[in-house]
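*Asks:* Provided below for reference: sequence and predicted model.
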Amino acid sequence: MTKKSLRNRLKVYRAMEDWTQEELARRVNVTRKTINTIENSKYVPSTYLALKIAAAFGVTVEELFQLDDEEMPDQL
């Protein structure tokens with residue numbers, strides 16, 4: 001069975017803009033911790049938040065977030 005996980009490129013895009021996590025958080029009206037947990041793949045943002053983040057960078061959601069297949073053992 002394959003489990004889908006979500007990879008993101010927030011850190012890359014933040015570096016290109018020279019933004020801190022705090023700056024991005026302020027621009028999309030969330031906490032710095034939210035940005036941190038998204039970057040570390042511990043939290044999957046809502047569609048609304050993903051769209052807001054993409055808009056802040058002027059890119060599409062697909063440029064920031066990609067599905068990543070992970071092999072998982074079959075569960076009964």
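*Replies:* Sure thing, it's come through.
*Asks:* which residues make contact with stretch 39-59 from outside it?
*Replies:* Outside of stretch 39-59, the residues within contact range by C-beta atoms under 8 Å, 6 or more residues apart in numbering are 5-8, 10-11, 13, 17, 21, 24, 27-30, 34, 37-38, 60-61, 63-65. C-beta coordinates here come from the backbone N, C-alpha and C atoms, glycine included.
*Asks:* Apply 6 Å and report the result again.
*Replies:* Stretch 39-59 is contacted from outside by 6, 10-11, 13, 27-28, 37-38, 60-61, 64, using C-beta atoms under 6 Å, 6 or more residues apart in numbering.
*Asks:* Stretch 11-19 now?
*Replies:* Stretch 11-19 has contacts (C-beta under 6 Å, 6+ apart) with 24, 39, 57.
*Asks:* And the pLDDT at the closest residue to Val30 other than its chain neighbours?
*Replies:* The shortest distance from Val30 to any non-neighbouring residue, by C-beta to C-beta, 6 or more residues apart in numbering, is to Leu49 (6.8 Å). pLDDT recorded at Leu49 is 98.
*Asks:* Can you give the distance of whichever strand or helix holds Leu49 from its chain's centre?
*Replies:* Using DSSP states H and E, Leu49 falls within helix 47-57. In terms of C-alpha atoms, centre = their mean, to the nearest Å, the centre of helix 47-57 is set 9 Å apart from its chain centre.
*Asks:* could you pull out the helices for the chain?
*Replies:* Per DSSP state H, the chain carries helices over the ranges 10-17, 21-28, 32-39, 47-57, 61-64.
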